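# structure, please.
(one chain, ligands or ions: 1)
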Amino acid sequence: LLLRNKFLEVSASVLAFPVHAYICRQRDRLESHATPLPDHDRKALSEYFTPQVLDTVRIVHADPLPIPNPPFASLIRRLGFDFLSPSSVAAITFDNVVACRIRIDTSLLFHELVHVVQYRTLGVRKFAQQYVVGFLETQSYPEIPLEKSAFDLQLRFETDTLRFDAEAEIRRHLTQK
Ligand SMILES: [Zn+2]
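I've put the predicted structure just below:
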């Protein structure tokens, strides 16, 4: 167990730096092709997110997504982890830029906005670090705490008839871990 913890700690610190660089590179590259939130999405989500967040979000559509595999993908696969290719996921968020391969519905957009708020709250560096640690610890994408929070709140958005302060909930999840 000690050896495993040490391994996770070293792997996370080795990987966090290139993951951070990768996120920033994709954000900067995609942002020039991206557009602000369409009015109908903005309206639907304005009950959950502040204008400060909704104003910063940029969306880009493409199938397949023009996103290269991160430089560490082959290493992670060699270590035996299952790693999805970013070009094949439904949607992926780099800081304030949401890249989607499929027509994004409000529910999926809500999920991605949770990540936008996580990035804003933590900063890209800490987000990258927590994502890597979460992935190495759980070895399961939906169980990464940053993803679990997004999936839980997305489900609440879909099923709860009462509106809620999504940003307060996201911050509460971040401080709980
Ligand atoms: Zn997610």
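# got the contact list for stretch 163-177?
47-50, 53, 110, 113-114, 117-118, 121-122, 130, 145, 149, 152-153, 156-157 (CB atoms under 8 Å, 6 or more residues apart in numbering). Any C-beta I mention is one placed from the backbone N, CA and C, and that applies to glycine too.
# who's in contact with the residue nearest the centre of the chain?
Central residue of the chain (CA atoms, centre = their mean): H115, 4.3 Å from the mean position. H115 sits next to 93, 146, 150 when contact means CB under 8 Å, 6+ apart.
# and these, which of them are in helices?
Among these, the ones falling in helices (DSSP state H) are 146, 150.
# any chance of the contacts of H115 in CSV with neighbour count as columns?
Listed next are the contacts of H115 as CSV, based on neighbours: other CB atoms under 10 Å:
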residue, neighbour count
T93, 23
L146, 21
A150, 23
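# out of the contacts of H115, which is nearest to the ion?
Checking these against the ion with CB to the ion, the nearest one is A150 at 4.5 Å.
# hmm, back to that, just the buried residues of the contacts of stretch 163-177.
For the contacts of stretch 163-177, a burial check counting by 16 or more other CB atoms under 10 Å picks out 48-49, 53, 110, 113-114, 117-118, 122, 130, 145, 149, 153, 157.
# how about the secondary structure of F157?
For F157, the secondary structure call by DSSP: H, G, I helix; E, B strand; the rest coil comes out as helix.
# residue contacts, H33?
Contacts here follow CB under 8 Å, 6+ apart; on that basis H33 touches V60.
# now, which of the contacts of H115 sits nearest K6?
L146 (23.1 Å; CB to CB).
# I'd say the closest one and Q118 touch.
Yes - using CB atoms under 8 Å, L146 makes contact with Q118 at a distance of 5.6 Å.
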